[in-house]
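J.: Everything below, folded, please.
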Amino acid sequence: MEEDKITIASIKKCKEVRIDVWENLEPQRGCCIYRVPKGLRKINKKAYTPTVISIGPLHRRKNELANMEKQKIRYRREFSRRITDETWQELIHFIELYTESIRNCYEDTSCMLKLQKSEFITMILYDAVFIMELFLRYNEETTDFLLDTPYLTVILSDLQLLENQLPFFVLNELYRLAFPEPKATAEGYPSFFYLSCNFFFPNKQLSEIGVGIEEVKHFTDLRRHFMTTKLQEPTGSRGTVTDVPCAVKLNESGVKFKCNEGECSLDVSFKKVKKLCLGVHDELQIPKIEVYDETELLFRNVMALEQCHYPFETHVCHFIDLMDLLVNTKEDVDFLVEKKIISNNVGDSATITRMFNRLCLQITLSPYSRYYAVSEKLKKHYGNGWNHTKATLKSVYFSNLWRGTGTIAAFLLVLLTLIQTVCSILQVL
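T.: Residues are numbered from 1 along each chain as shown. Sure, this is the predicted structure:
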């Protein structure tokens, strides 16, 4: 019996029969919500996985998140008090109209292939309504157990995970349909952008965030915009940051550290600063970093977003890379806490050290770091032996006002003694 002839058709059938022909095999133009790369997920799986609530299709129907589905139903009922049945139909019609656009926002569409159209619309509607009602209740200071601190902290974290997102345009448009004329007053509903910023950044003014609705892809992207929107363009040469001495060593060489009180949370500068009676010294200014239990999770998800969506603008990744170089041991953390650059709200300095030393594992940095010029100045300063000598002299003889006064007094005493000795010799001669 003659063997079957092998053709391209038979090869395609063998290989491609396992792949749904309707599945998108490459990200669509509007794609902005991604699966976290496997390399990153292996390092800290919990940092990318929701704990109490699933939003969107990627973690849908997980048993450990099932309890919050009941709260979505409760919030849908509560939201019904705010809008009419006609408005409900408008919300459903919008989701139905933009179903394809919403699907295209997700890199991984395989989890949606088995979803019927009605199931997909139901999922988006209930998730969106839960978020809108949650934000409104938070803004109105409504009594609700989900807004109590233990639950709220976890929900805040879950809503900022890269894999746990709805497109921002969907949330914003549904909100506008529900409340056509939002007003930032006690009588009316504020804008959804205001509610989002108020929920995630309650201590910040909108003017400080400085980003419009049209730029935000989702809540993970909102946090990144908040961190980068007022970032100054770097000056001077550009390159890769390497071999920067740690904070303690830089301090021993005479570099002063100061918390940067500027509006941007990524601005780092190194400059000469004049101090009255103390001359000029080199000062490294770093923005304040508040470290809580959830800080690593937030950094990791923003960095994962940069890896997937902003591969040539990895600004947050570059900042963490610089901090990784400055923080080698817990002594470096203790020093930066003393300088009020790091606010330690986890208690253990070693935990913060491990966080910074592991955040950049499996991270690919864009070719040019905005911190290259700063790093080169730091290395040049550290490589100058005279700077070490000056720093030692200041540390030993001028570490405080009394020691400095004593040093000057002793110097004057020696000087006067020497002058008296010289005068005595001259008289004898």
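J.: Please count neighbours and contacts with C-alpha atoms only from this point.
T.: Will do.
J.: Low-confidence stretches in the stretch 201-350 of the chain?
T.: Within the stretch 201-350 of the chain, the ranges that satisfy pLDDT under 70 run 205-213, 236, 275-279.
J.: show me where it has strands.
T.: 256-260, 269-275, 279-287, 289-291, 342-344 (DSSP state E, counting those that start in this stretch).
J.: Give the buried residues for the longest one.
T.: Neighbour-count burial for strand 279-287, with 16 or more other CA atoms under 10 Å as criterion, is recorded at D282, E283, L284, Q285, I286, P287.
J.: Grab the nearest non-local neighbour of the third one.
T.: The shortest distance from L284 to any residue other than its chain neighbours is 4.5 Å, reached at F270 (CA to CA, 6 or more residues apart in numbering).
J.: L418: how many residues sit nearby?
T.: Residues lying near L418 (other CA atoms under 10 Å) number 12.
J.: Give me the secondary structure label for it.
T.: When classified by DSSP: H, G, I helix; E, B strand; the rest coil, L418 comes out as helix.
J.: For the residue nearest to L284, which residues are in contact?
T.: F270 is in contact with D282, E283, L284, Q285, V374, K377, L378, counting by CA atoms under 8 Å, 6 or more residues apart in numbering.
J.: what's the answer for L58, then?
T.: D108, C111, E163, N164 are the contacts of L58 under CA under 8 Å, 6+ apart.
J.: Out of those residues, list just those in strands.
T.: Among the contacts of L58, no member falls in strands (DSSP state E).
J.: Any chance of a PyMOL selection covering the buried ones in these?
T.: To isolate the buried ones among those in PyMOL, judged by 16+ other CA under 10 Å, type:
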select buried, resi 108+163+164
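J.: would you turn the contacts of L58 into a markdown table with distance to L177 and pLDDT?
T.: Below are these laid out as a markdown table (distance: CA to CA, whole Å; pLDDT from 0 to 100):
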| residue | distance to L177 | pLDDT |
| --- | --- | --- |
| D108 | 28 | 89 |
| C111 | 28 | 81 |
| E163 | 26 | 98 |
| N164 | 23 | 98 |
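J.: hmm, back to that, want to throw the contacts of F270 into JSON lines with distance to A47?
T.: As requested, the contacts of F270 are exported to JSON lines (distance: CA to CA, whole Å):
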{"residue": "D282", "distance to A47": "38"}
{"residue": "E283", "distance to A47": "35"}
{"residue": "L284", "distance to A47": "31"}
{"residue": "Q285", "distance to A47": "29"}
{"residue": "V374", "distance to A47": "31"}
{"residue": "K377", "distance to A47": "35"}
{"residue": "L378", "distance to A47": "33"}
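J.: Those: which two are farthest apart?
T.: Using CA to CA, the contacts of F270 span at most 13.0 Å, a distance reached by Q285 and K377.
J.: The most centrally placed residue in the chain and K45: what is the separation?
T.: Nearest residue to the geometric centre of the chain (CA atoms, centre = their mean): F299, 4.1 Å. For F299, the distance to K45 (CA to CA, to the nearest Å) stands at 14 Å.
J.: same thing with H218?
T.: In terms of CA to CA, H218 sits 21 Å off from K45.
J.: which of the two has more neighbours?
T.: The neighbour comparison of H218 against K45 (other CA under 10 Å) goes to H218, with 23 against 12.
J.: V170 is in contact with the more buried one, correct?
T.: No - applying CA atoms under 8 Å as the test, H218 and V170 come out as separate, 9.5 Å apart.
J.: is it true that I33 touches Q165?
T.: Yes - counting by CA under 8 Å, I33 touches Q165, with 6.9 Å between them.
J.: Could you single out the nearest of the buried residues of strand 279-287 to P57?
T.: Of all the buried residues of strand 279-287, P57 sits closest to P287, with 36.4 Å by CA to CA.
J.: what's near enough to touch the closest one?
T.: With contact set as CA under 8 Å, 6+ apart, P287 has these partners: C259, N260, E261, G262, C264, S265, L266, D267, V268, I341.
J.: for D243, same thing?
T.: L325, K379.
J.: what's the spacing between it and V333?
T.: As judged by CA to CA, D243 and V333 stand 18 Å apart.
J.: Ok, G254 next?
T.: The gap separating G254 from V333 is 18 Å, by CA to CA.
J.: So which of these two has more stuff around it?
T.: More neighbours surround V333 than the other of G254 and V333, with 26 against 22 (other CA under 10 Å).
J.: these two touch, right, that one and L325?
T.: No - counting by CA under 8 Å, V333 stays clear of L325, with 11.8 Å between them.
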